[in-house]
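Predicted model and sequence below, questions to follow.
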Amino acid sequence: DSEPTIFEISVSGRRCGAIRDSGIESVDASDHLPLAYLRSEPVALPEVSERDLVGHFTRLTHRQYSVDLGAYPLGSCTMKYNPKLADTVAGMSGISGVHPHLPSSHSQGWLEIALEIESYLKEITGMAGATLSPAAGAQGELTGLLMMKAYHLDRGNHKTKILIPDSAHGTNPASVSLAGYSVVTVPSNEKGLVDLELLKSLVGDDVAGIMLTNPNTVGLFEEDIAEIAKAIHDVDGLLYYDGANLNAIVGIARPGDMGFDIVHSNLHKTFATPHGGGGPGSGPVAVAEKLLDFLPGPYPVRGHDGIKWTTPSKSIGRVHSFYGNAVVYARALAFMKALGGEGLRQMSQIAVLNANYLKAMISSYYPPAYEATCMHEFVVSTAALKKSFGIRALDIAKGLLDKGFHAPTVYFPLIVDEALMIEPTETESRQTLDAMAEALIELAKDALDEDAASKMAGGPRRTPVTRVDEARAARTLITTVDAHSK
Amino acid sequence: DSEPTIFEISVSGRRCGAIRDSGIESVDASDHLPLAYLRSEPVALPEVSERDLVGHFTRLTHRQYSVDLGAYPLGSCTMKYNPKLADTVAGMSGISGVHPHLPSSHSQGWLEIALEIESYLKEITGMAGATLSPAAGAQGELTGLLMMKAYHLDRGNHKTKILIPDSAHGTNPASVSLAGYSVVTVPSNEKGLVDLELLKSLVGDDVAGIMLTNPNTVGLFEEDIAEIAKAIHDVDGLLYYDGANLNAIVGIARPGDMGFDIVHSNLHKTFATPHGGGGPGSGPVAVAEKLLDFLPGPYPVRGHDGIKWTTPSKSIGRVHSFYGNAVVYARALAFMKALGGEGLRQMSQIAVLNANYLKAMISSYYPPAYEATCMHEFVVSTAALKKSFGIRALDIAKGLLDKGFHAPTVYFPLIVDEALMIEPTETESRQTLDAMAEALIELAKDALDEDAASKMAGGPRRTPVTRVDEARAARTLITTVDAHSK
Amino acid sequence: MLTFLGLDSFDQLYASIPDAVALRRDLQLPKALSEFEVIDVMADYAAMNHPSNRDLVCFAGGGSYDHDIASVTSSIGSRSEFVTAYTPYQPEVAQGVLQGLFEFQSMVSRISGLGISNASLYDGASALVEAINLGCVKTKRSRVVISGGINPNWREVAETFAKGPGHEIEIAPIGPDGATIWPTNLDGVALFVVGYPNFLGFVEDLEAVRGLASSAGALMVVAYDPIAISLLRSPGSYGADIAIAEGQPLGIPLSFGGPYLGLFSVSNELVRFLPGRLVGETLDMNGKRAYVTTLRAREQDIRREKASSNVCTNQTLMAIWAAIQLTWLGKSGFLDVGRSCLSSRVYLERRLVSEGLTTIETRLPSFREFPVRLKKRASTVIDEMHPLGFLAGVALEGSLAIDNFEGDLLIALTEKRTRTEIDRYVGALVEVIR
Amino acid sequence: MLTFLGLDSFDQLYASIPDAVALRRDLQLPKALSEFEVIDVMADYAAMNHPSNRDLVCFAGGGSYDHDIASVTSSIGSRSEFVTAYTPYQPEVAQGVLQGLFEFQSMVSRISGLGISNASLYDGASALVEAINLGCVKTKRSRVVISGGINPNWREVAETFAKGPGHEIEIAPIGPDGATIWPTNLDGVALFVVGYPNFLGFVEDLEAVRGLASSAGALMVVAYDPIAISLLRSPGSYGADIAIAEGQPLGIPLSFGGPYLGLFSVSNELVRFLPGRLVGETLDMNGKRAYVTTLRAREQDIRREKASSNVCTNQTLMAIWAAIQLTWLGKSGFLDVGRSCLSSRVYLERRLVSEGLTTIETRLPSFREFPVRLKKRASTVIDEMHPLGFLAGVALEGSLAIDNFEGDLLIALTEKRTRTEIDRYVGALVEVIR
């Protein structure tokens, strides 16, 4: 029942439709390009009919879970429903058909879109300016850190370190390294929060700043944020806000008011742009007043004769081929407009409510790693289940797949043993949360029954393929259809 | 694993998005309509979030087979692949957004489309005129028969009967009855063709005409068509061509050249408009010169100042609210243009080739009901398999579902015992035909093995639901969610 | 593959076609185009049309209404499993379409107030034809009384198809107040057909029609605007035997008139006379709920010449779209649409009166559509309003003329029309009429 | 649900947020709009843009090309299972995306001629950044020599991100013949980056670059136009270590510059240095073929601060689109596109010469894009061509200026441009220039 590759479906000489007839006589390539440069054989792309193409890729979609098919409680990923109205917007030819080198006088609509979503982001984050260039959150991080670096260089600060809590996403330390800083890890305390005293002990003149997400990756609000900010600012350090968890606090609290200087947003998370199976994302970065001059350029600025491309005086330079993943942020703007200010706040409130509800529903079977009221996500540990018949967090995750749900995030954050990180999002109904809780509880009960547990350990079984051998993939390393023949 | 109904997902007070704010103050209905006319409770439509709506209907699509997922060898249904370019056309606002009462001066593009597809249909069928009004083949049949009736009335002919071969689709006799004629059945001979001598013996002055499809419903070309036409025309009868099987002969032979006077086409069959799970169809009717005055009206006619709506002098009148299923025939025109004259002929050639190939591949296991070279479809009988372990045509059909194909048409035509009617269409590749043949042969072999046969008899098992109890449905007659409570 | 069959050419496959009828030339048709060129050509045609949009704001109805369609409706309704499936003859692999139709039937029954609804017919007109055929078969009569307030296009279609079985169609005229003047002689009437609201937008008195039908021993057929049922009592609540409608307002694009969607409901007693497909709930071999087309014995492919309808396909895809759109609207949104239509109708009518463009007549109440007598004929008004950016309405002229309202302009409101648009429309009308 | 949690208000859920940082006012943002109003507002913006279409025929390239996109690409590529899925962290329910990416990787490897291709990066510029980081890590050097014929926007991006690790970016200038003038001192060069064709459309001599890289012990990075590889030898055939490209021409809409698609291939030896996601084939528990993201140990979430790339998401959906478009084109269609681009380029260049608008220079051969020196500056020409219905090209001015070609107009051809359009374009250019 596996689907053959498109290359296996391929039959020599077959093709889909023709390309356009330009009306121009076809030239012989060798009359216009050196023969030595020309390939002797056409690229061996698949040769199939359009019918077989459509059959193949449509069948692939029936082997794929997605938000539109069901709940996706992936902690820290904020897999909410993506309203279809944004597809309507993305499909407009005045949106999707515009060449990026078109002079600004003829792309004012796009520039208006850019300025408008920037204004939403600034208000939501409490920042003074923003760039839409970064194509994803991780690129936003590096962009932000390079602004931080430029700021310090400009001020003559000598900085070498950036602080990162031990619960941070992997992109944070990687970005810090790529920005040329060294990482100093800040351990969490037993409450799952940054240990303020310990943090203070790590802060010195060599600290360029700190990267935090708040609520943090265990789903808790860093209550000492004001004190943290003060400690960092006291050494002219900057606070970087990882927007991964912004979905919890829109309209409730603003990074800028907490003392953050740089904020990236993951539009696909908080602002519901579809994730596309792993991208495209969009990672705008908003900054405080003091960093405005360092923003990447060019960016659009409104002048008396329309909006024009401008590069700020101390800009770190360009970070994307053009101005970011434009259609993604146009979608996000449509989403924001549909919700409005009040709706955006309710979005966060319900996200937090749903997380706390689900946490309460399952807590007798899945002890939360931390007791406090969570924000939009929470972490439980299945360490206790491991003791019975060896059921691990991964088995619970795979068991959930068999019950028709996506799995939560597993083994993250690293500071919790056998972690399941669960984020239901605001778009799942109470009925769905109840069904998910029921499924999770059934699995916990099964873990205590020898027969059921042994079945679970081999799961999933009802999915398009059963449990996948990841080690074999790394060992054999077949990453193209041609790797077989090697 | 069944999907609850949308009403079961419904929760009081929940809703999707809001409607547009018109800016007009809402009035109290009772101030403007008599209180006695007003309902006391809103209509109990579902109350769900957009997220739950999308989840529900998307999950339904994963319980549904379709052409895009695989082969559909339903004899007489011509379930070919529907090229996606037609979707692009159908989505243009100048196509889908036009109000049907728009004056013709502002809908000239639509009228051009209508005239152009009429010209294609006339050339393909060999007819003098056409109407696009009928919304489906069956409506086309009745439209054609009413023209036949009007013709005879106009000529002062006294006609009461219409001849129909015993292999005809059920719509033919039903349409004849609704046209106010009585049906005279013409038995097929042992070759599966109309028995010419028998036919001649049935033809008299009271015969208004004959309805035929050619190739006929057992997939054979009626070789005596010229003689049949002569016999009917000799009594001033008319020949009606059921376009269900037109896919076999486009560019090869034309109904008009065979002597037919009225031809309907099923655009979703021959011209690849998608079937939509059972509609919308489109059943244009083309007619010979002598019937032009009887066409339904109004229809578009080109004049010196553009195309205008006109009704011919002796028109049978209007047959559709507007001018037929317009977007469906716009799709068909796009298909025709993509294929061109030569491509349309090749379409038929390959349809016939594929049918003969598949027939040859399986004929040792599935004896064809008739030996002759078939056209685009063929009929086999599984009567022999019934003798072994009681495996019926239906079981083979359900067995094919378990193997990932759609089933062929079963128990039609009625003149073949345990009939399987198979039409692969031109869009399936040889590889798909081979796979289908292999699946069919496996099933035939299984039918001879007691264990396998007993399993097959209870099939299908791997489908979204297992074999469905049709008798129970008719007995309990639950046709709405409210029927349960009765 | 030819070789596999032992053949040299395609011609041999066609050996059974006699020379005399074979086409011995190429089709005189244009050569193949790439899909991009086809799309360009079709876009050229599309550019010659004037769609209803912000450049041509639509105040026309008359059987086709410019409603907002939710993005989910086209998005989910365009999924290829719905679009490219066949009729659900194999229920085990067609539960998606079948359940969608079952839910559609449930919604239509709740709207119509009648227990049984089929899986749709071609359009409103075909629903009327089927209602007439059903009524005549059931009552074994052939006199059909149709209100003059029924969509004139539908009436024409009914008259066309009545010629087959020989039903006598009789049109009951509309009085100056917009109400049907029913005949006094009720002998042998098979069915009465009334609009609700009627084509002019007026809400007729259904109690009275029910009385007439009952005393005549005839069926009562109500042709309703589904949007109106958001506010008005259902046809079923008046004891209608059959309720029919054009379902286009429920999420189907204007589409130059098709594909649309005929809604057809009957009282439980008439189920065995029902035309078209019907989906029923049942169980599979494992006792799981499943859906299947049922009462197939009614259908043409089984009853053949004894069938009372020749309907084979329906408009399944449009039914799925309507089910999605109705779900999107939901209980409260459907009500909102009705209120908005009514409110805008009241607002526009008042504005027209206050501008002196029309006067208030004594006539039946309207819901969302109403005729206006202006100083110019409607067709002239429509032509002159076009360059100002409006499809002003439908001209009650020619084949759409209705007694007492000939030459009037029929104006329709939907929830899509905003106050700004309506104000601009009134301004343009003032300009055209003055 | 609040009640279930024993709470009275949402505020209690947020009790952990200190007063000092809580937002004590409403967001100063517009109120909610219905989706229809949102679409109207966005359509207003869209109407202020001038998309590339028949009213503004596109002769601009410069990293973004106006190709025909098959209907299947957007149709199948827009299916919600592809669009709304997450990163395939649970392979058992993500075989659709994973297999699609595996096929994409296979196609990219066949195009680039290198054994390993990742599942895409953000865009061409990010592919360049990752190539530089890879090369510097691999060679433990930091001198990066980039041809001045690399897209100037990409060069800027490379310079921005080089500031982090402190790589030294050195631009090798372009001579009057359009060829890169490589430095003579090759000490400590980590990698050489060459365009193929370069930004000006010229096909450089890759053998020479290979020789340079080899003698310097550096990596050879080729930034190719994927469409050119339909005719030209692959980067891999020249021994490139890394091949990068902007994948937009493979079925991705112009989209005002994003989302696009970075293609990234390496030779087999470099696989463990590969940035981004990589999908591999494996088996499931039943021995059935399955796909999974592999060599995860390279990635940031596992290596954290030791990772040589911080890439987390890629552009999966665009990769799926490209895989569909490349399948639609197929072996012969891809070749057809290349031939058509070349033929149109040759035709247009000849027409320009014959109209006396430009002269034939001695310079490198071009594929589908070329710079033209006109009597007016390119930006002026573009402005004056706009009202005539053309986006005339890209102006090699300002940040896009390239030595020896400053002020020239860069013109790109795709298979979408017809002879009629090209003839009209030449006519318009004559009018503007004369």
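Ah, there it is. Numbers count the residues shown, from 1 in each chain, chains lettered A, B, ... in the order given.

for the closest residue to C:Ala94 other than its chain neighbours, what are its contacts?
Nearest non-adjacent residue to C:Ala94, counting by CB to CB, 6 or more residues apart in numbering or on different chains: C:Pro88, 3.3 Å away. All C-beta atoms are positioned from the backbone trio N, CA, C, and that covers glycine. By CB atoms under 8 Å, 6 or more residues apart in numbering or on different chains, the contact list for C:Pro88 reads B:Gly277, B:Gly278, C:Ala94, C:Val97, C:Leu98, C:Leu101, C:Val279, C:Val292, C:Thr293.

and C:Pro88, helix, strand or coil?
The three-state assignment at C:Pro88 reads coil, by DSSP: H, G, I helix; E, B strand; the rest coil.

confidence score at it?
As predicted, C:Pro88 sits at a pLDDT of 95.

gap between it and B:Ala174?
Relative to B:Ala174, C:Pro88 is positioned 20 Å away (CB to CB, to the nearest Å).

Run a quick neighbour tally on residue 30.
This is for chain A. Around A:Ser30 there are 11 other residues, counting by other CB atoms under 10 Å in any protein chain shown.

Let me rephrase: I mean chain C.
13.

That one against B:Leu339, yeah?
No: assessed by CB atoms under 8 Å, C:Pro30 is found out of contact with B:Leu339, at 10.0 Å.

so who does residue 333 touch?
Using chain A. Going by CB under 8 Å, 6+ apart, A:Leu333 touches A:Ile113, A:Glu116, A:Ile117, A:Tyr120, D:Met42.

wrong chain, I was asking about chain C
C:Gly333 makes contact with B:Arg15, B:Cys16, B:Gly17, B:Ala18, B:Ile19 under the criterion CB under 8 Å, 6+ apart.

Double-check that it belongs to a strand.
No: assigned with three-state DSSP, C:Gly333 falls outside any strand and is helix.

And it, how close does it get to B:Arg15?
For C:Gly333, the distance to B:Arg15 - CB to CB - is 6 Å.

Please apply the same query to C:Ala297.
Distance from C:Ala297 to B:Arg15, by CB to CB: 41 Å.

of those two, who's got more company?
Neighbour comparison, C:Ala297 and B:Arg15: the larger count goes to B:Arg15, with 18 against 10 (by other CB under 10 Å).

tell me the pLDDT at that one?
At B:Arg15, pLDDT is 96.

What about A:Met79? Give its phi and psi, please.
A:Met79 has phi and psi values of phi -90, psi 80 when expressed as degrees, to the nearest 10.

residue contacts, the closest residue to it other than its chain neighbours?
Nearest residue to A:Met79, sequence neighbours excluded (CB to CB, 6+ apart): A:Tyr72, at 3.6 Å. Applying CB under 8 Å, 6+ apart to A:Tyr72 gives the contacts A:Tyr65, A:Met79, A:Phe405, A:His406, A:Thr425, D:Tyr86.

and residue 10, how many residues sit next to it?
I'll assume chain A. As a burial measure, A:Ser10 scores 21 neighbours (other CB under 10 Å).

ah, I was thinking of chain C
Neighbours of C:Phe10 using other CB under 10 Å come to 16.

cool, and C:Gly427?
The number of residues near C:Gly427, taken as other CB under 10 Å, comes to 13.

One more: A:Ala383?
For A:Ala383, the neighbour count with other CB under 10 Å is 15.

Can you tell me the SS state at the closest residue to chain C within the stretch 251-400 of chain A?
Taking CB to the nearest CB, chain C has its nearest neighbour within the stretch 251-400 of chain A at A:Ala334, 10.0 Å off. Taking three-state DSSP as the rule, one finds A:Ala334 in the helix state.

Check A:Glu428 too.
Taking three-state DSSP, the label given to A:Glu428 is coil.

who's in contact with the residue lying closest to it once chain neighbours are set aside?
Of all residues not flanking A:Glu428 in the chain, A:Ala71 sits nearest, at 5.2 Å (CB to CB, 6+ apart). Listed by CB under 8 Å, 6+ apart, the contact set of A:Ala71 reads A:Phe405, A:His406, A:Pro424, A:Glu428, A:Thr432, A:Met436.

Reformat the residues you listed as TSV; add secondary structure, distance to C:Pro365 and pLDDT.
Formatted as TSV, the contacts of A:Ala71 follow (DSSP: H, G, I helix; E, B strand; the rest coil; distance: CB to CB, whole Å; pLDDT from 0 to 100):
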residue	secondary structure	distance to C:Pro365	pLDDT
A:Phe405	coil	52	96
A:His406	coil	53	96
A:Pro424	coil	49	96
A:Glu428	coil	44	97
A:Thr432	helix	44	96
A:Met436	helix	50	97
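
quick one: which of these is most hemmed in?
A:Pro424 (31 neighbours).

Wait, it touches A:Pro73, no?
Yes: here A:Pro424 reaches A:Pro73: they are 5.1 Å apart, a contact under CB under 8 Å.

Mutual contacts of those two, please.
A:Leu358, A:Met436.

What residue in the stretch 101-250 of chain A comes nearest to chain C?
For the stretch 101-250 of chain A, CB to the nearest CB, closest residue to chain C: A:Gly109, 15.2 Å.

Unless I misread the structure, that residue falls within a helix.
Yes: counting by three-state DSSP, A:Gly109 falls inside a helix.

Fine, thanks again, bye for now.
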